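Undergrad: Build me a model from this:
(3 chains)
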Amino acid sequence: MNKNSNSQPKSNEQEIGDSTFEAFNGTFSSTQFSNDNLVEDPSFDDLAKDEFMECDDISPPRKTPFLNDTKSQGTLDASLTELVDQQPDHKETKELKFGDYETYFYHKKLKQQEKDDQYVQWRTKNSNQFPPIFSNCVIYVNGRTDPDITQLHRMIILHGGVFLNYLGAKSNATHVIASNITPRKIIEFKNFKVIKPEWITDSIKEKKILDWTKYTLFSPQYDQKVLESDRELKEKSLPLNRPIDATHPEFLKFFFENSRLHHLSTWKADLREKFQQEALRASKVSQTLRTKPKIIMHIDFDCFFAAVSALSHPDIDFANEPIAVSHGGKGSSDVSSCNYAARKFGVSNGMWVNRALELCPELKILDYDFKLYEEKSKIFYEELTRIEPDCIFPVSVDEALIGLSSIDDEESTLLNICEKLRNKIYVLTGCTVSIGASYNVLLAKLCLRKAKPNGIFFFFQPNNVGNFLKNIPVKQLPGIGRKIEDRLSNHLNKGSKETVTISNLSSVSRDTMVKFFGIKTGTKLFGYCQGLDDTDIDISKNPSKFIRKSISIDVNWGIRFEKQTQVDEFLSRVADHICQRLLRLGFVGARLMLKLARRTKGAPIDPPKYLGMGLCDFLSKSTNLGAPTREVGLIATELKSLYRIIGVAIADLRGVSVTISELQKCDSDATSAVDQKQLQFEAKKPKEKKVQGIEQNVLKGGSVFPHYSPAKETLQKLLQKHLVDLDAFKALPNEFQQEIKLELERRSVEQLFEKSPKKNRNRNCLLQNRSLKKIGKVRPETQNKRIDLISNQRTLNKLTLNIPIENLGDSVIHQKTELSGLTMEGQKTLVNSYWASEKTKTFNKHYNLGIQTFYEFEDWKNLLKDWVRFSFENENEKPIGIHENDLDVFYGFIHKLILNEKIYEVLSLADIITCSLNSSELVDNDTNNESDWRKIRGELLNMLKTNLVQKGACIDTT
DNA sequence: AGCGTGTGGTAG
DNA sequence: ATCGCTACCACACGCT
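TA: Sure thing, here's the model as predicted:
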């Protein structure tokens, strides 16, 4: 870090005058301040120290939720043995093999829901016995434990904790529970509190959360040792010729942990959310109408990553030695940040290390230290809050815009504030910030550029704005990037390499700009040229504008696949990951988009950047999920469908990006049923409202057609008429029975009127008689091929429904692969791994019918009948059975139905299974197959029930 | 005109 | 080796 070795004591006043003159030739009044003498100045030094002492108040030691000693409530009579006794059966999950991720995660999820449901019921019955002692805990259980993971899961959620199924890269887990130590684990969990399970059991016994430090699994000392031996172990066990790419199950975690851009994005989003919420709170408190801030400050660390990383290297003379931050010391790693000494050599951010080293051979490469960046950022924002500005708009971890409405004594006061702030941040973080300030965001940003490094720059002379702007390169304008610059350059300079400045643009009219860049960008750019910018940074004025609209995961590095199964597994993992994120952020989403990067034809197979994406075309496709959801299984299934629709050859896949949008806040947790039920119970209003989506008049009057009251049919007749499975109906909670009855009555009425219900995409699905929409929307002109693909595939699937895969002629297989749009290379793997895979899973095995997600409800009714019949047909003396791929798709569809609250449809399908099983055609020598089908039927009803209970509870709490 | 979808661009 | 993310805006195009 710069210890100001080269600074010379100077008078601040003097400095102001000088640099004003120097920087602008005195043509107009601006101000530049340097704080080279930051700490040398005794007054500053003292001030900073004082502030530092005070700082304890504002930055207390990190909060430790696990030390939160929540008072226990009620009594806990249920002994642990009782818990153990009542623990749901876990065997089936264990029988699953790990080959098929989708099935694996899907069943895992199902089991989870089932269990949670049981826990909820149990808790409801014994409500007083479970003090929510873990209410601040997010707990992940690793490996074999005693008591085992199921029991721990149960204990955790019964006591108000959140149970994590998956330890994400940026996991918010407060605790990791494990019983045994392996070197690998110590590495893996080095950032977590790893505690023995006894902490859970003892805490429950004591009815309060105990000090976790007494239960740590390994001591720090021990860590150190093992860490070293593990490094050797790791080097041996990881073959060097097999680098980690996206086929590796842990790839995502590994990738995100090390991705600077991932960190930047998540930090930014987190900050946004935090300040948005604070603004919401503030706007409730103060009713005063805010005027737009008169002063905008833009404050930003100087080469943040480089400066912070250098803090761990006290031997480095940060001011003079060129340093850069990147992964590794050579090759195609990006320089994410470099100090100004390095910039003198021409090194710049984003440059590859090999190039940077060419320019500056003595460049020192430092590692990332994401944790430290986060810490410094926290201090930074705390200091910003301390000066109590009108508003704070977080731009990034290391950068913020600040609005001040008025300052009594104009610039000198502002200067004072800035200097104090800079000092404090320097003392507290060891890094320098620069500040630009002006009367709008555009100019504040430009001022910041002039202020850097380690300085302050103001501009408050609207009359001189032309002078101020004239030599600014357009690239520096916010929102004007490389592409727009290029287009301007081509237009104005006919491609000459000179940078385009604002004065170059003076000849361009508003209309031309609009014609060139569109109404928004054109107008904005034109305004910028006059120094005009009406960007408002006051979040509290319009908090809803700042709420999150989408959640996405992009992976464009390390994507190299050979087989369809690998792609599918990866998509499942991405689905899992994104669902974890939805969960953590408290959202459900109704729209899913898959974007793929495909190697551009002619681009090298191995791009210059190691495992990089190279030159790519991007293709995207989106689908409505029917209802807002965060179901992993459903999302995984949809992603695989979308992948097949886009049809990128596996060998050419270079990037995958998944976006979920049309978000809705849904604050319940993973074990949502638990929390909701808990809340519901505490609120003591068990059934006031019903499933979301029942229209008001149905709720109140019982019919959508209040003027018409038909002679009511008997319930049984009604059920029969609509093919609803009676057993299933009876198994449902009372209120849902009632609801279905109403729905069926309504349908009877509807038949009389022959009226089709209105479309409503997300809600009121019980009132819709329409079957689910097909995936995506297919346009006749532009996407003819896709229509053909889908309809042909559907036809094909129907045609081949009863033909075992071996009997399919080559031509048919060829046709199928051709339809999927894959290259020859891809075709083989597709045929081998997808259409004719022969994996054994929970249910019997065998022929994958290639059932697709494209079917609609009416199709499914017929398909299901055929499917059941087909599964009983004999092949080598054994029934053909159910293929898990088909089953996955089927379950996916059921999920979709359930999310649409199409209870009736699900019950119909359950009934079709029953009817088919009872029909005499079946060969009755196989009970296995039959019991599989009964299991499936049970699963349908279970899914339905779980979902209804959750929905019911959800309504009650909101 | 306004909507839905796919695509492009930008910032840190 | 290497960790090329991600939220959001804007727009084109075709449809209603």
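Undergrad: Can you name the residues of the stretch 351-500 of chain A that neighbour DNA strand C?
TA: For the stretch 351-500 of chain A, the residues found near DNA strand C under the criterion CB under 7 Å from any atom of the strand are A:Val353, A:Asn354. Using the backbone N, CA and C atoms, a C-beta is placed for each residue, glycine as well.
Undergrad: Please repeat the previous calculation with a cut-off of 10 Å.
TA: Contact residues (CB under 10 Å from any atom of the strand) of the stretch 351-500 of chain A with DNA strand C: A:Trp352, A:Val353, A:Asn354, A:Ile365, A:Asp367, A:Tyr368, A:Gly479.
Undergrad: Now intersect these with the helices, please.
TA: Here DSSP state H is the test, and these give A:Val353, A:Asn354 as lying in helices.
Undergrad: Any of the residues of the stretch 351-500 of chain A next to DNA strand C buried? List them.
TA: A:Trp352, A:Val353, A:Ile365, A:Tyr368 (16 or more other CB atoms under 10 Å).
Undergrad: State the pLDDT value of the nearest residue to the second one once chain neighbours are set aside.
TA: It stands for A:Val353. Leaving out its chain neighbours, the residue that sits closest to A:Val353 by CB to CB, 6 or more residues apart in numbering is A:Ser333, at 4.7 Å. Per-residue confidence (pLDDT) for A:Ser333: 95.
Undergrad: that older thread, let me know the closest of the residues of the stretch 351-500 of chain A next to DNA strand C to DNA strand B.
TA: Relative to DNA strand B, the closest of these is A:Gly479; by CB to the nearest atom of the strand it sits at 5.0 Å.
Undergrad: Quick check: closest non-adjacent residue to that closest one.
TA: Spatial nearest neighbour of A:Gly479, chain neighbours left out: A:Lys524 (6.6 Å); criterion: CB to CB, 6+ apart.
Undergrad: which helices and strands does the helix or strand containing the one you found pack with?
TA: Remark: A:Lys524 resides in helix A:510-529, with elements defined by DSSP states H and E. Helix A:510-529 sits against helix A:482-493, helix A:502-505, with contacts defined as 3 or more CB pairs under 8 Å, 6 or more residues apart in numbering; DSSP states H and E.
Undergrad: now the angle from that helix to helix A:482-493?
TA: Counting by axes from the mean of the first three to the mean of the last three CA atoms, to 10 degrees, helix A:510-529 lies at 120 degrees to helix A:482-493.
Undergrad: Same question for helix A:510-529: list its buried residues.
TA: Within helix A:510-529, the residues that count as buried by 16+ other CB under 10 Å are A:Met513, A:Val514, A:Phe517, A:Gly522, A:Lys524, A:Leu525, A:Phe526, A:Gly527, A:Tyr528, A:Cys529.
Undergrad: wait, what's in contact with the second one?
TA: The neighbours of A:Val514, taking CB atoms under 8 Å, 6 or more residues apart in numbering as the test, are A:Gly522, A:Thr523, A:Phe526.
Undergrad: OK, contacts around the second one?
TA: If a contact means CB under 8 Å, 6+ apart, then A:Thr523 has A:Arg510, A:Met513, A:Val514 as its contacts.
Undergrad: Nearest to DNA strand B among those residues?
TA: DNA strand B has its nearest neighbour among the contacts of A:Thr523 in A:Met513, at 13.5 Å by CB to the nearest atom of the strand.
Undergrad: So the closest one is in contact with A:Gly522, correct?
TA: Yes: the pair A:Met513 and A:Gly522 passes the contact test of CB atoms under 8 Å, sitting 3.9 Å apart.
Undergrad: Spell out which helix or strand contains A:Glu581, please.
TA: Check again: residue A:581 is Arg, not Glu. Applying DSSP H and E, one finds A:Arg581 within helix A:564-585.
Undergrad: Which elements pack onto that helix?
TA: If contacts are counted by 3+ CB pairs under 8 Å, 6+ apart, helix A:564-585 sits against helix A:101-125, helix A:251-258, strand A:550-555, helix A:632-646, strand A:653-665.
Undergrad: What about the residue of chain A found nearest DNA strand B, how many residues nearby?
TA: Proximity to DNA strand B, evaluated over chain A using CB to the nearest atom of the strand, is greatest for A:Gly481 at 2.4 Å. Using other CB atoms under 10 Å, A:Gly481 is surrounded by 11 other residues.
Undergrad: could I get the helices and strands packed on helix A:510-529 as TSV with distance to A:Leu653 and mean pLDDT?
TA: Shown next, in TSV, are those (distance: least, CB to CB, whole Å; pLDDT from 0 to 100):
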stretch	distance to A:Leu653	mean pLDDT
helix A:482-493	25	88
helix A:502-505	41	92
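Undergrad: Can you redo these as a markdown table, where the extra columns are mean neighbour count?
TA: Formatted as a markdown table, these follow (neighbours: other CB atoms under 10 Å):
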| stretch | mean neighbour count |
| --- | --- |
| helix A:482-493 | 14 |
| helix A:502-505 | 18 |
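Undergrad: Please identify which of those is closest to A:Trp557.
TA: Between A:Trp557 and these, the tightest spacing by CB to CB is seen for helix A:482-493, at 20.5 Å.
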